[in-house]
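**Q** predicted model, plus sequence, below.
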4 protein chains.
Amino acid sequence: MIRPLEHSSRPAVALLGGGRIGKIHAANAAAHPGLALKYVVDPFGDAAAALAARYGATATTLESALADPAIAGVIVASPTDQHLTHCLQAAAAGKAIFCEKPVDLSVERARSAAGALAKARLFLGFNRRFDPSFRALRHKLQAGAIGSLETLHIISHDPAPPPVSYIKVSGGLFKDMTIHDFDVARWLLAEPVVEVYAMGACLVDPAIGAADDIDTAKVLLRTASGRMALISNSRRSGYGYDQRIEAFGSGGSVRVDNFTTTAVAVWDEEGASRAPFQNFFLERYAEAYRLEMDHFAGVLRGEEPAVGFADGVHALELAEAAWRSHATGRPVALSGGA
Amino acid sequence: MIRPLEHSSRPAVALLGGGRIGKIHAANAAAHPGLALKYVVDPFGDAAAALAARYGATATTLESALADPAIAGVIVASPTDQHLTHCLQAAAAGKAIFCEKPVDLSVERARSAAGALAKARLFLGFNRRFDPSFRALRHKLQAGAIGSLETLHIISHDPAPPPVSYIKVSGGLFKDMTIHDFDVARWLLAEPVVEVYAMGACLVDPAIGAADDIDTAKVLLRTASGRMALISNSRRSGYGYDQRIEAFGSGGSVRVDNFTTTAVAVWDEEGASRAPFQNFFLERYAEAYRLEMDHFAGVLRGEEPAVGFADGVHALELAEAAWRSHATGRPVALSGGA
Amino acid sequence: MIRPLEHSSRPAVALLGGGRIGKIHAANAAAHPGLALKYVVDPFGDAAAALAARYGATATTLESALADPAIAGVIVASPTDQHLTHCLQAAAAGKAIFCEKPVDLSVERARSAAGALAKARLFLGFNRRFDPSFRALRHKLQAGAIGSLETLHIISHDPAPPPVSYIKVSGGLFKDMTIHDFDVARWLLAEPVVEVYAMGACLVDPAIGAADDIDTAKVLLRTASGRMALISNSRRSGYGYDQRIEAFGSGGSVRVDNFTTTAVAVWDEEGASRAPFQNFFLERYAEAYRLEMDHFAGVLRGEEPAVGFADGVHALELAEAAWRSHATGRPVALSGGA
Amino acid sequence: MIRPLEHSSRPAVALLGGGRIGKIHAANAAAHPGLALKYVVDPFGDAAAALAARYGATATTLESALADPAIAGVIVASPTDQHLTHCLQAAAAGKAIFCEKPVDLSVERARSAAGALAKARLFLGFNRRFDPSFRALRHKLQAGAIGSLETLHIISHDPAPPPVSYIKVSGGLFKDMTIHDFDVARWLLAEPVVEVYAMGACLVDPAIGAADDIDTAKVLLRTASGRMALISNSRRSGYGYDQRIEAFGSGGSVRVDNFTTTAVAVWDEEGASRAPFQNFFLERYAEAYRLEMDHFAGVLRGEEPAVGFADGVHALELAEAAWRSHATGRPVALSGGA
């Protein structure tokens, strides 16, 4: 356990964005023994003020926060279309950055910022990489528990679709939802992906189709050595948040199953009834968010970010390739790999 | 796999009793590549004839069957109150015996027959000892998988109570139902039981209480070295046949859980629903009955019976001690152990 | 339960082929209360004689068997390249047919026989359709337990690859192994498949690649209404026989998981260890084979075959489309659906 | 979610005891949006100072803390032999009390304090009652999910024994460890217990026996209506913290199983390996401790304590009865019930 620092000697951080995910990061930064949450920045002043008050921080403007030399790090939890701008501003001010996914909705724009962000200490918050169960799975793979990895199944189904208003600005299923799974696939396959085939459909809500998006997809990825990954997505499971991974190797298989809300089961004449899965990402990845913040504290102490800007760009490349595949009905080759 | 013998050169067996359990044994004897089912004996001639016809055997009388020198073994599946008589007759005729449990309803009577049966090749059919899962559990214990065995939980709940008419001639819960669990406990504890405490109640059906019996019990056993076993019984589970064992040792625990009828599960908003447990002993111990018959074929080839008459007497002693404990409200010591 | 017929009044059947699967069918036919196994036909006379002797049948030639008017049905368990010929001969002789999958290795040849077999009472033995768990899953789908079916995952991994000599005459992964899964997909999707995309690789054994085959595949199917199915295949799991299905619908999910060999688990400091999965198809589908034979007995009594020749042709069409997709790297459209 | 109060307007609490359990309560009180942790009291000044510093509280003496009119509640997490004294002092000062179990090691002493504490708002911290899974089980019972409750199995095995120095001052297995299970039994049986039979042994560590204590026990309880409960205890499981409950009723069974540390499983030739159970109570009951503190915040707002001093006395009565039963080898009747 990290010995808590005196509050005054902890590195100070500023949080940009007081929405759903900002609130999570605020709670975790405030509770972390090695961080001091100093500022909350949000154009909606009330949101910023309420969040700041709860954790003994101050609501302020982005400019003031970046101008404060005491601020060592910036947590970018603003809307997606501002991620890139905020990262560039924070980098220009010499701050370490903890940026929410995705880095942007455009591969092209993201690539154009890569140069300016190359030297920044930027940690990209792909939460799955910090989930203890997924980490344990990866550790098993690396320890050779199933020999050489051959194929991968990632099941990632949301409990219920977001409002169509959200869908319209989300960048579409692949950039908004599958983006996590693309990163998980890259993280576990441990090889560049060279081919993407995506079969998508609108089966859940016609309004999603009317917004030129899909709500159901099966995506196949292939690496140069022949490893294959399936990603299964649905915007609506009907049975809670389904987040599973199965890895098949030359010597066996390793899996992560879902967690249930309680450990209760009832047996009667009909059979057994068990508690449902955890409802959504706030519960399922609660510990992952805590561990992300802990990692950011490490970055502020000089550790190398475990996930960087380039990972975000690669995930975005896969998302764009998947959409192209879906649109053309053909597999898409990634010349340099992603 | 045993190479099947020409039918004419297989040892011939006679089945006494064409009831529920007799039908099981008939099917297994007929299908066994090393046995020939020659006779079926049942005072209800129709039952014997139908069963015999199905498997190409002949319905006959006990006297004729025992008088046939071709008969190497006798399967005693007659009513409990005839087990002892039939065993003694078969032994007198020099036949090997496969006797259904219990050997009798009276320890005293059983003991009085022990001399006459001492030299018989008698195999007592305690089916749990042949269940592949329970065997695997015992094998784990013997292999030291959990270090030294300390305590044991045996859960044995029937799906639904038998008719009270059956209860009245059953010998009571401890001799009819717990008898199996007493034998399992002895088999796994691997030490004589020196103390029995039984807490019983009539919670399921007042008619069972009116018949001077109980339908629910928790029994504690203790061995000389201090090992303890719990047996939990109920005549009615409400959720199928519950047959579980947990063994706790110095280095861990080993358990046998129930089997479900299928491997299907449904997940929806309420949680997961799984298929029910196997309904009753005919399904749960189907493989055990086959392996019992296979063992009897081995006994006919000269193998030592794995469970003998003395095991049946000891189980009965425990059943009588449990009833005494229940009746007096006191633990009962077994001077010589059982 | 079916009341057993007098042996002499049961419909008689002839078995063609005394190999691995022939032995299964022989045992099940012999044990069935409504069938009499009269002949075993195999060019290897010894195999036929041994099998016939075991079940009180007679080894004979195909011609004699078909010429016997007492023979009501023929079980075609000969090598794959003789299935079609044997079916045509049996049909010409007016016998009902129980044919092992696949009907042939060529869609073209199979189609050319369709006319001659159109009026035959031919039951095609796709074992998965008779597995109690898969049937229960389908029953749940039909009962609306998960609303409208949207997507399907079929995982079908063998424990270990067959010898390359077998691979060379097998017709390839898709016709030999995936053929089952194509049929399962058709059975559950309940709509014609209009598109197939297959990603294959040789990851298990280079000798399989040298034989122009693959050993690992992910196949995506799509129906006209947009339902999607994934089939995952591997010739070697490293952990036993992996046979699972998950169906995702508008109101939830229904799954069939694997069975373990026993219900034993050990808990120690490292966690829990459970018994392995059933090793291979002879164990996993033992009950399905029994139920197939029971269905064939029904066909002999006048019931409609549940799976017919056309189902075999469609599965073969999907197999050929999958190979074309794998070979060209493009999805393949099935104009008329399969 | 409770709207967080301005820090200055939250009810202030004082924590007595900065040991293992005190640290848990300090963290939960500090993180609770409706509480302000103002003081930490511990005779070891350093411990108090460090804990106070971490959460922005002040280390002080009991007298000062109780004299501060701003203090609304006192958390008694001092050593067991001071619980009663501290409760009486806090009650005399008019503070609400959150007292750790057990109330004392002597039924007699506890009873003698009952009068003085009768009017105190005292909440007794039996953590199991706040575990979400156990609560869900009780909710199922109350909702009639399994009909009428008949019997109960409580399995409560620690991962490893404490040092013998701890054992010597612990009050013995029944007062130190089983005390939780006695309370759980009372909570779920929902009827007074009228009879206790305890079979105990020293199987884990002879030094525990040398200290006149036992480390392994099976306890049977009976209520007036005939409901029965088994409690199984071991000081050392060898496989983590085993905390399970099974309730058997007239219409089925409801169970709480253990949680694993992660949701990872590996399948290979040997079978499946799963992650171990959560190691000990700090992990297993982390959420229960948070919910206890939340309940105490409710008590400070005027809610009735869900568990009171009398519950602590009854659990202690059962512990003393169990020891008497173990010592005499006889069941012990509780005249008034407990």
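**A** On my side now, so go ahead. Residues are numbered from 1 along each chain as shown, chains lettered A, B, ... in the order given.
**Q** what is the mean pLDDT for stretch A:43-59?
**A** In this model, stretch A:43-59 carries a mean pLDDT of 89.
**Q** go ahead and confirm A:L188 touches A:A247.
**A** Yes. The pair A:L188 / A:A247 is scored as a contact, 6.5 Å apart, by CB atoms under 8 Å. C-beta here means a position set from N, CA and C on the backbone, and glycine is covered the same way.
**Q** can you give me the neighbour number for A:A47?
**A** By other CB atoms under 10 Å in any protein chain shown, the residues close to A:A47 number 17.
**Q** how about the nearest residue to it, chain neighbours excluded?
**A** Nearest non-adjacent residue to A:A47, counting by CB to CB, 6 or more residues apart in numbering or on different chains: A:G18, 3.9 Å away.
**Q** any figure for the gap between that neighbour and A:V40?
**A** Distance, A:G18 to A:V40, by CB to CB, to the nearest Å: 6 Å.
**Q** who touches both of those two?
**A** The overlap between the contact sets of A:G18 and A:V40 (CB atoms under 8 Å, 6 or more residues apart in numbering or on different chains) consists of A:A26, A:A48, A:L51.
**Q** turn those residues into CSV, columns for distance to chain B.
**A** Putting the shared contacts of A:G18 and A:V40 into CSV (distance: CB to the nearest CB, whole Å) gives the following:
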residue, distance to chain B
A:A26, 31
A:A48, 36
A:L51, 32
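**Q** dump these into CSV; add distance to A:H157 as well.
**A** Listed next are these as CSV, based on distance: CB to CB, whole Å:
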residue, distance to A:H157
A:A26, 29
A:A48, 34
A:L51, 31
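**Q** for A:A31, which residues are in contact?
**A** So A:A31 contacts A:R290, D:A31 (CB under 8 Å, 6+ apart).
**Q** and it, how close does it get to A:G298?
**A** 16 Å.
**Q** now do A:A91
**A** 19 Å.
**Q** the two: which is more packed in?
**A** Between A:A91 and A:G298, counting by other CB under 10 Å, A:A91 is the more crowded of the two (21 against 16).
**Q** so what's the residue lying closest to that one once chain neighbours are set aside up against?
**A** Nearest non-adjacent residue to A:A91, counting by CB to CB, 6+ apart: A:A120, 3.8 Å away. Neighbouring residues of A:A120 by CB under 8 Å, 6+ apart: A:C87, A:A90, A:A91, A:A96, A:I97, A:F309.
**Q** per-residue pLDDT, A:A120?
**A** 94.
**Q** can I assume it sits in a strand?
**A** No. Read with DSSP: H, G, I helix; E, B strand; the rest coil, A:A120 is coil and lies in no strand.
**Q** from B:F134, how far out is it?
**A** For A:A120, the distance to B:F134 - CB to CB - is 63 Å.
**Q** how about the nearest residue to A:A57 once chain neighbours are set aside, what does it touch?
**A** Closest residue to A:A57 apart from its sequence neighbours, by CB to CB, 6+ apart: A:L37 at 4.7 Å. Applying CB under 8 Å, 6+ apart, one finds that A:L37 lies in contact with A:A12, A:V13, A:L15, A:A26, A:A29, A:A30, A:Y55, A:G56, A:A57.
**Q** quick check on the residues you listed: which are buried?
**A** A:A12, A:V13, A:L15, A:A26, A:A29, A:A30, A:Y55, A:A57 (16 or more other CB atoms under 10 Å in any protein chain shown).
**Q** of all those, which comes closest to chain C?
**A** Checking those against chain C by CB to the nearest CB gives A:A29 as the nearest, at 33.5 Å.
**Q** let's see the pLDDT reported for the closest one.
**A** pLDDT, read off for A:A29, is 95.
**Q** my guess is it meets A:M293, correct?
**A** Yes. A:A29 lies in contact with A:M293 (CB under 8 Å); the separation is 5.7 Å.
**Q** what is the three-state secondary structure of whichever residue of the stretch 1-150 of chain A sits closest to chain B?
**A** Closest residue of the stretch 1-150 of chain A to chain B, CB to the nearest CB: A:S133 (18.3 Å). The three-state label given to A:S133 by three-state DSSP is helix.
**Q** who are the contact partners of it?
**A** Contacts of A:S133 by CB under 8 Å, 6+ apart are A:V256, D:T262, D:A263, D:V264.
**Q** and the gap between it and A:F259?
**A** 8 Å.
**Q** one step back: look at A:G18 and A:V40 and report which has more neighbours.
**A** A count of neighbours by other CB under 10 Å puts A:V40 above the other of A:G18 and A:V40, at 30 against 26.
**Q** tell me the helix or strand right after the helix or strand harbouring A:V194.
**A** In the assignment (DSSP states H and E), A:V194 maps to strand A:193-201. Sequence-wise, the next helix or strand downstream of strand A:193-201 (DSSP H and E) is helix A:206-210.
**Q** could you pull out the strands for the stretch 1-150 of chain A?
**A** Remark: strands assigned in the stretch 1-150 of chain A by DSSP state E, counting those that start in this stretch are A:12-16, A:36-41, A:58-60, A:71-76, A:96-100, A:122-125, A:149-157.
**Q** how about the residues of the stretch 101-250 of chain A by chain B?
**A** Counting by CB under 8 Å from any CB of the partner chain, the stretch 101-250 of chain A comes close to chain B at A:G238, A:Y239, A:G240.
**Q** can you narrow those to ones near chain C?
**A** Among these, chain C is touched by A:G238, A:Y239 when using CB under 8 Å from any CB.
**Q** related to what we said a few turns ago, between the contacts of A:A120, which is nearest D:V332?
**A** The nearest member of the contacts of A:A120 to D:V332, counting by CB to CB, is A:A96 at 65.6 Å.
**Q** what's across from the closest one in the sheet?
**A** A:A96 forms beta bridges with A:G73, as assigned by DSSP bridges.
**Q** who are the contact partners of it?
**A** A:A72, A:G73, A:V74, A:A120, A:R121, A:L122, A:F123, A:F296, A:V299, A:L300.
**Q** ok, of the residues you listed, which one's closest to B:E108?
**A** A:F296 (78.8 Å).
**Q** which strands and helices lie in contact with the helix or strand hosting the closest one?
**A** Using DSSP H and E, A:F296 sits within helix A:286-300. Judged by 3 or more CB pairs under 8 Å, 6 or more residues apart in numbering or on different chains; DSSP states H and E, helix A:286-300 is in contact with helix A:20-31, strand A:71-76, strand A:96-100, strand A:122-125, helix A:132-142.
**Q** reformat these as TSV; add distance to D:I154.
**A** Formatted as TSV, those follow (distance: least, CB to CB, whole Å):
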stretch	distance to D:I154
helix A:20-31	34
strand A:71-76	45
strand A:96-100	45
strand A:122-125	42
helix A:132-142	29
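**Q** D:G147: which of those is closest?
**A** From those, taking CB to CB, the stretch that ends up closest is helix A:132-142, at 36.7 Å.
**Q** what stretches of the stretch 1-150 of chain A score poorly on pLDDT?
**A** A:1-8 (pLDDT under 70).
**Q** tell me the contacts of A:R330?
**A** Contacts of A:R330 (CB under 8 Å, 6+ apart): A:Y197, C:R330, C:P331.
**Q** which single one of those residues is nearest to chain B?
**A** So of the contacts of A:R330, ranked by how close each gets to chain B (CB to the nearest CB), first place is A:Y197, at 27.7 Å.
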